[in-house]
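Enquirer: Please find the sequence and the predicted model below.
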Amino acid sequence: MELPPVGLGTMGIDDPESVATALALGYRHLDTARIYDNEAVVGEGLAAGLAGDAGVGDAVDATENLDRADVTVATKLWIDDLAADAVAPAARESAERLGVDAIDLLYVHRPRGDYDPEATLPALDRMVDDGLVRNVGVSNFEIDDLDRAIDVLGRPPAAHQTELHPLFYKPTLLDHARKHGYPVVAYSPLAGGRVREVDAVVEVADAHGTTPEAVAIAWATAKDPVVAIPKASSEAHLRANLAAADLELTESEVAAIDGVEREEELFPE
(Lines give C-alpha, C1' and ligand atoms only; values in the text may rest on other atoms or scores of the structure.)
Protein backbone atom coordinates (compact mmCIF):
# COMPACT_ATOMS: atom_id res chain seq x y z
CA MET A 1 0.00 0.00 0.00
CA GLU A 2 0.99 3.60 -0.53
CA LEU A 3 0.61 5.24 2.87
CA PRO A 4 1.55 8.79 3.90
CA PRO A 5 4.63 9.20 6.13
CA VAL A 6 2.52 10.23 9.12
CA GLY A 7 -0.98 9.05 9.95
CA LEU A 8 -3.16 9.29 13.04
CA GLY A 9 -3.13 6.63 15.72
CA THR A 10 -6.40 6.87 17.62
CA MET A 11 -6.02 4.62 20.65
CA GLY A 12 -7.48 6.63 23.54
CA ILE A 13 -9.14 9.27 21.35
CA ASP A 14 -12.76 9.73 22.40
CA ASP A 15 -13.67 12.98 20.63
CA PRO A 16 -14.64 12.95 16.94
CA GLU A 17 -13.44 16.55 16.64
CA SER A 18 -9.82 15.40 16.99
CA VAL A 19 -10.24 13.13 13.98
CA ALA A 20 -12.01 15.80 11.95
CA THR A 21 -9.30 18.31 12.84
CA ALA A 22 -6.62 15.85 11.74
CA LEU A 23 -8.29 15.52 8.35
CA ALA A 24 -8.58 19.28 8.06
CA LEU A 25 -4.85 19.58 8.71
CA GLY A 26 -4.00 17.05 6.01
CA TYR A 27 -3.95 13.62 7.66
CA ARG A 28 -5.02 10.90 5.25
CA HIS A 29 -4.48 7.71 7.26
CA LEU A 30 -6.67 6.92 10.28
CA ASP A 31 -5.87 3.89 12.41
CA THR A 32 -8.13 2.32 15.02
CA ALA A 33 -9.06 -1.15 16.31
CA ARG A 34 -12.06 -2.95 17.69
CA ILE A 35 -10.32 -3.30 21.06
CA TYR A 36 -9.92 0.50 21.28
CA ASP A 37 -13.72 0.80 21.52
CA ASN A 38 -13.71 4.02 19.49
CA GLU A 39 -14.49 2.98 15.91
CA ALA A 40 -17.73 4.98 16.10
CA VAL A 41 -15.77 8.03 17.27
CA VAL A 42 -13.39 7.69 14.33
CA GLY A 43 -16.35 7.23 12.00
CA GLU A 44 -18.03 10.40 13.29
CA GLY A 45 -14.79 12.33 12.87
CA LEU A 46 -14.35 10.98 9.35
CA ALA A 47 -17.88 12.00 8.41
CA ALA A 48 -17.34 15.49 9.84
CA GLY A 49 -14.05 15.85 8.03
CA LEU A 50 -15.54 14.77 4.73
CA ALA A 51 -18.34 17.27 5.27
CA GLY A 52 -15.81 20.04 5.98
CA ASP A 53 -17.12 20.54 9.51
CA ALA A 54 -13.76 20.92 11.30
CA GLY A 55 -12.27 24.14 12.54
CA VAL A 56 -8.48 24.50 12.34
CA GLY A 57 -7.72 27.99 13.54
CA ASP A 58 -6.30 30.15 10.80
CA ALA A 59 -5.08 27.18 8.74
CA VAL A 60 -6.28 26.39 5.27
CA ASP A 61 -8.79 23.59 5.61
CA ALA A 62 -7.36 20.60 3.74
CA THR A 63 -10.77 18.92 3.60
CA GLU A 64 -11.95 21.13 0.75
CA ASN A 65 -12.92 18.73 -2.04
CA LEU A 66 -11.79 15.83 0.17
CA ASP A 67 -13.16 12.54 -1.09
CA ARG A 68 -13.63 9.35 0.89
CA ALA A 69 -11.19 7.62 -1.46
CA ASP A 70 -8.47 10.02 -0.31
CA VAL A 71 -8.47 8.62 3.24
CA THR A 72 -7.12 5.23 4.31
CA VAL A 73 -9.27 3.94 7.16
CA ALA A 74 -7.69 1.04 9.05
CA THR A 75 -8.97 -1.10 11.88
CA LYS A 76 -7.99 -4.40 13.49
CA LEU A 77 -9.72 -7.62 14.49
CA TRP A 78 -9.00 -8.59 18.08
CA ILE A 79 -7.92 -12.12 19.04
CA ASP A 80 -11.50 -13.26 19.73
CA ASP A 81 -12.64 -12.11 16.25
CA LEU A 82 -10.27 -14.35 14.31
CA ALA A 83 -12.09 -17.66 13.95
CA ALA A 84 -13.08 -18.24 10.33
CA ASP A 85 -16.80 -17.79 11.04
CA ALA A 86 -16.25 -14.69 13.21
CA VAL A 87 -14.15 -12.64 10.81
CA ALA A 88 -16.89 -11.44 8.46
CA PRO A 89 -19.47 -10.51 11.16
CA ALA A 90 -16.80 -8.61 13.11
CA ALA A 91 -15.64 -6.76 9.99
CA ARG A 92 -19.21 -5.82 9.10
CA GLU A 93 -19.75 -4.44 12.60
CA SER A 94 -16.56 -2.41 12.32
CA ALA A 95 -17.54 -1.02 8.92
CA GLU A 96 -20.92 0.01 10.30
CA ARG A 97 -19.37 1.75 13.30
CA LEU A 98 -16.87 3.50 11.04
CA GLY A 99 -19.63 4.52 8.67
CA VAL A 100 -17.83 3.17 5.62
CA ASP A 101 -18.89 0.86 2.81
CA ALA A 102 -15.46 -0.79 2.83
CA ILE A 103 -12.55 -0.92 5.26
CA ASP A 104 -9.41 0.15 3.44
CA LEU A 105 -7.03 -1.86 5.61
CA LEU A 106 -8.11 -4.60 8.00
CA TYR A 107 -5.46 -6.09 10.27
CA VAL A 108 -5.12 -9.23 12.29
CA HIS A 109 -4.37 -7.40 15.57
CA ARG A 110 -2.23 -10.18 17.05
CA PRO A 111 -1.59 -13.77 15.94
CA ARG A 112 -3.09 -15.09 19.15
CA GLY A 113 -6.39 -16.39 20.49
CA ASP A 114 -8.58 -17.71 17.68
CA TYR A 115 -5.99 -16.95 15.01
CA ASP A 116 -5.35 -19.86 12.68
CA PRO A 117 -3.51 -18.74 9.53
CA GLU A 118 -5.03 -21.48 7.38
CA ALA A 119 -8.56 -20.46 8.39
CA THR A 120 -8.35 -16.79 9.38
CA LEU A 121 -6.44 -15.45 6.38
CA PRO A 122 -8.64 -17.06 3.71
CA ALA A 123 -11.67 -15.67 5.55
CA LEU A 124 -10.13 -12.20 5.33
CA ASP A 125 -9.37 -12.73 1.65
CA ARG A 126 -13.01 -13.61 0.98
CA MET A 127 -14.01 -10.21 2.32
CA VAL A 128 -11.67 -8.59 -0.19
CA ASP A 129 -13.41 -10.56 -2.94
CA ASP A 130 -16.77 -9.44 -1.53
CA GLY A 131 -15.70 -5.79 -1.42
CA LEU A 132 -16.09 -5.27 2.33
CA VAL A 133 -12.31 -5.02 2.81
CA ARG A 134 -9.80 -3.55 0.38
CA ASN A 135 -6.53 -4.73 1.89
CA VAL A 136 -5.47 -7.32 4.48
CA GLY A 137 -2.72 -6.44 6.95
CA VAL A 138 -1.13 -8.00 10.00
CA SER A 139 0.02 -6.55 13.29
CA ASN A 140 2.48 -7.62 15.99
CA PHE A 141 3.74 -10.53 13.89
CA GLU A 142 7.16 -12.15 14.13
CA ILE A 143 9.14 -13.39 11.13
CA ASP A 144 7.73 -16.92 11.30
CA ASP A 145 4.19 -15.51 11.47
CA LEU A 146 4.86 -13.26 8.48
CA ASP A 147 6.32 -16.06 6.40
CA ARG A 148 3.36 -18.31 7.15
CA ALA A 149 0.92 -15.53 6.21
CA ILE A 150 2.72 -15.04 2.90
CA ASP A 151 2.55 -18.77 2.23
CA VAL A 152 -1.19 -18.88 2.93
CA LEU A 153 -2.14 -15.67 1.15
CA GLY A 154 0.21 -16.22 -1.77
CA ARG A 155 1.38 -12.63 -1.40
CA PRO A 156 2.82 -10.32 1.25
CA PRO A 157 0.47 -8.54 3.66
CA ALA A 158 -0.66 -5.09 2.59
CA ALA A 159 1.11 -3.72 5.69
CA HIS A 160 2.61 -4.87 8.97
CA GLN A 161 1.93 -2.75 12.03
CA THR A 162 4.42 -3.06 14.87
CA GLU A 163 5.74 -1.14 17.86
CA LEU A 164 8.67 0.99 16.74
CA HIS A 165 10.36 3.87 18.55
CA PRO A 166 13.88 4.84 19.67
CA LEU A 167 13.63 2.59 22.72
CA PHE A 168 12.37 -0.47 20.87
CA TYR A 169 12.36 -1.80 17.34
CA LYS A 170 13.35 -4.96 15.48
CA PRO A 171 15.57 -4.37 12.43
CA THR A 172 14.82 -7.90 11.19
CA LEU A 173 11.18 -6.92 10.67
CA LEU A 174 12.23 -3.99 8.50
CA ASP A 175 14.55 -6.23 6.49
CA HIS A 176 11.67 -8.64 5.90
CA ALA A 177 9.41 -5.82 4.74
CA ARG A 178 12.05 -4.55 2.31
CA LYS A 179 12.59 -8.03 0.93
CA HIS A 180 8.88 -8.63 0.33
CA GLY A 181 7.86 -5.08 -0.57
CA TYR A 182 5.26 -4.03 2.01
CA PRO A 183 5.17 -1.02 4.39
CA VAL A 184 5.78 -1.15 8.13
CA VAL A 185 3.37 0.97 10.16
CA ALA A 186 5.05 2.15 13.36
CA TYR A 187 2.78 2.50 16.34
CA SER A 188 3.76 4.31 19.56
CA PRO A 189 6.63 6.13 17.76
CA LEU A 190 6.89 8.55 20.71
CA ALA A 191 7.32 5.69 23.20
CA GLY A 192 4.48 7.05 25.31
CA GLY A 193 6.37 10.33 25.77
CA ARG A 194 9.55 8.59 26.92
CA VAL A 195 11.53 9.93 23.94
CA ARG A 196 11.93 13.14 25.95
CA GLU A 197 14.17 11.17 28.31
CA VAL A 198 16.47 9.71 25.64
CA ASP A 199 19.70 11.69 25.51
CA ALA A 200 20.48 10.88 21.87
CA VAL A 201 17.02 12.05 20.78
CA VAL A 202 17.20 15.22 22.88
CA GLU A 203 20.62 16.09 21.47
CA VAL A 204 19.40 15.77 17.88
CA ALA A 205 16.31 17.82 18.73
CA ASP A 206 18.47 20.60 20.20
CA ALA A 207 20.65 20.61 17.08
CA HIS A 208 17.58 21.12 14.88
CA GLY A 209 15.75 23.49 17.20
CA THR A 210 12.82 21.14 17.44
CA THR A 211 11.24 18.68 19.88
CA PRO A 212 12.24 15.13 20.79
CA GLU A 213 8.82 14.02 19.55
CA ALA A 214 9.49 15.45 16.09
CA VAL A 215 12.89 13.77 16.00
CA ALA A 216 11.42 10.40 17.00
CA ILE A 217 8.90 10.57 14.16
CA ALA A 218 11.54 11.71 11.67
CA TRP A 219 13.86 8.92 12.82
CA ALA A 220 11.14 6.31 12.31
CA THR A 221 10.07 7.53 8.88
CA ALA A 222 13.70 7.73 7.74
CA LYS A 223 13.73 3.93 7.94
CA ASP A 224 12.32 2.79 4.62
CA PRO A 225 9.64 1.38 4.38
CA VAL A 226 8.33 2.80 7.69
CA VAL A 227 5.37 5.13 8.14
CA ALA A 228 4.32 6.33 11.59
CA ILE A 229 0.96 6.70 13.31
CA PRO A 230 1.52 8.84 16.43
CA LYS A 231 -1.53 9.49 18.55
CA ALA A 232 -2.51 13.11 19.12
CA SER A 233 -5.74 14.86 19.99
CA SER A 234 -4.95 18.58 20.24
CA GLU A 235 -4.57 20.73 17.14
CA ALA A 236 -1.08 21.79 18.23
CA HIS A 237 0.17 18.22 18.58
CA LEU A 238 -1.56 17.12 15.40
CA ARG A 239 0.21 19.90 13.51
CA ALA A 240 3.58 19.13 15.07
CA ASN A 241 3.41 15.41 14.33
CA LEU A 242 2.42 15.97 10.72
CA ALA A 243 5.21 18.52 10.22
CA ALA A 244 7.78 16.08 11.61
CA ALA A 245 7.67 14.22 8.30
CA ASP A 246 9.52 17.16 6.75
CA LEU A 247 12.39 17.02 9.26
CA GLU A 248 15.48 15.51 7.65
CA LEU A 249 18.04 13.84 9.90
CA THR A 250 21.60 13.12 8.87
CA GLU A 251 22.88 9.57 8.64
CA SER A 252 24.99 10.16 11.73
CA GLU A 253 21.98 11.43 13.67
CA VAL A 254 19.93 8.38 12.70
CA ALA A 255 22.86 6.16 13.67
CA ALA A 256 23.19 7.87 17.05
CA ILE A 257 19.57 7.10 17.85
CA ASP A 258 19.94 3.57 16.47
CA GLY A 259 22.72 3.11 18.99
CA VAL A 260 20.52 3.69 22.03
CA GLU A 261 21.08 0.59 24.14
CA ARG A 262 18.00 0.80 26.32
CA GLU A 263 15.18 -1.45 25.20
CA GLU A 264 11.67 -0.80 26.43
CA GLU A 265 8.75 -2.53 24.75
CA LEU A 266 5.52 -0.81 25.76
CA PHE A 267 3.14 -3.51 24.57
CA PRO A 268 4.71 -6.94 25.10
CA GLU A 269 2.69 -10.09 24.72
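Expert: The structure has been received and is ready for your questions.

Enquirer: Let's test this: what are the backbone torsions at the closest residue to residue 134 other than its chain neighbours?
Expert: In space, and not counting its chain neighbours, residue 134 is closest to residue 104: 4.9 Å by C-beta to C-beta, 6 or more residues apart in numbering. Heads up, the C-betas are built off the backbone N, CA and C, glycines and all. Backbone torsions for residue 104, taken as degrees, to the nearest 10, come to phi -70, psi -40.

Enquirer: what residues are up against residue 104?
Expert: Residue 104 makes contacts with 71, 72, 73, 74, 134, 135, as judged by C-beta atoms under 8 Å, 6 or more residues apart in numbering.

Enquirer: in stretch 171-183, what's buried?
Expert: For stretch 171-183, a neighbour-count test (16 or more other C-beta atoms under 10 Å) marks 173, 174, 176, 177, 182, 183 as buried.

Enquirer: Drop the exposed ones from the contacts of residue 104 and show what's left.
Expert: Going by neighbour count (16+ other C-beta under 10 Å), those have 71, 72, 73, 74, 134, 135 buried.

Enquirer: could these go into TSV alongside secondary structure?
Expert: Listed next are the buried ones among the contacts of residue 104 as TSV, based on DSSP: H, G, I helix; E, B strand; the rest coil:
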residue	secondary structure
71	coil
72	strand
73	strand
74	strand
134	coil
135	coil
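
Enquirer: Looking at those residues, spot the one nearest residue 264.
Expert: Comparing these against residue 264 with C-beta to C-beta places residue 74 closest, at 25.3 Å.

Enquirer: now residue 228, which residues is it bridged with?
Expert: Residues in a beta bridge with residue 228, per DSSP bridges, are residue 6, residue 186.

Enquirer: and it, how many neighbours does it have?
Expert: Around residue 228 there are 30 other residues, counting by other C-beta atoms under 10 Å.

Enquirer: and it, what is it in contact with?
Expert: Contacts of residue 228 (C-beta under 8 Å, 6+ apart): 5, 6, 7, 164, 185, 186, 189, 217, 220, 221.

Enquirer: Give me the pLDDT for it.
Expert: pLDDT for residue 228: 98.

Enquirer: Buried residues, stretch 239-248. List them.
Expert: 239, 240, 241, 242, 243, 244, 245, 247.

Enquirer: end to end, how far does that stretch reach?
Expert: 17 Å (C-alpha to C-alpha, to the nearest Å).

Enquirer: Next: stretch 76-86.
Expert: With C-alpha to C-alpha, one end of stretch 76-86 sits 13 Å from the other.

Enquirer: Off-centre distance for it?
Expert: 19 Å (C-alpha atoms, centre = their mean, to the nearest Å).

Enquirer: now that stretch: mean pLDDT?
Expert: Mean predicted confidence for stretch 76-86 is 98.

Enquirer: Next SSE downstream of the helix or strand containing residue 20?
Expert: Taking DSSP states H and E as the criterion, residue 20 maps to helix 16-25. Going down the chain from helix 16-25, the next helix or strand is strand 29-31, by DSSP H and E.

Enquirer: give me phi/psi at residue 28?
Expert: phi -130, psi 20.

Enquirer: dump the residue contacts of it.
Expert: Residue 28 makes contacts with 4, 7, 70, 71, 72, as judged by C-beta under 8 Å, 6+ apart.
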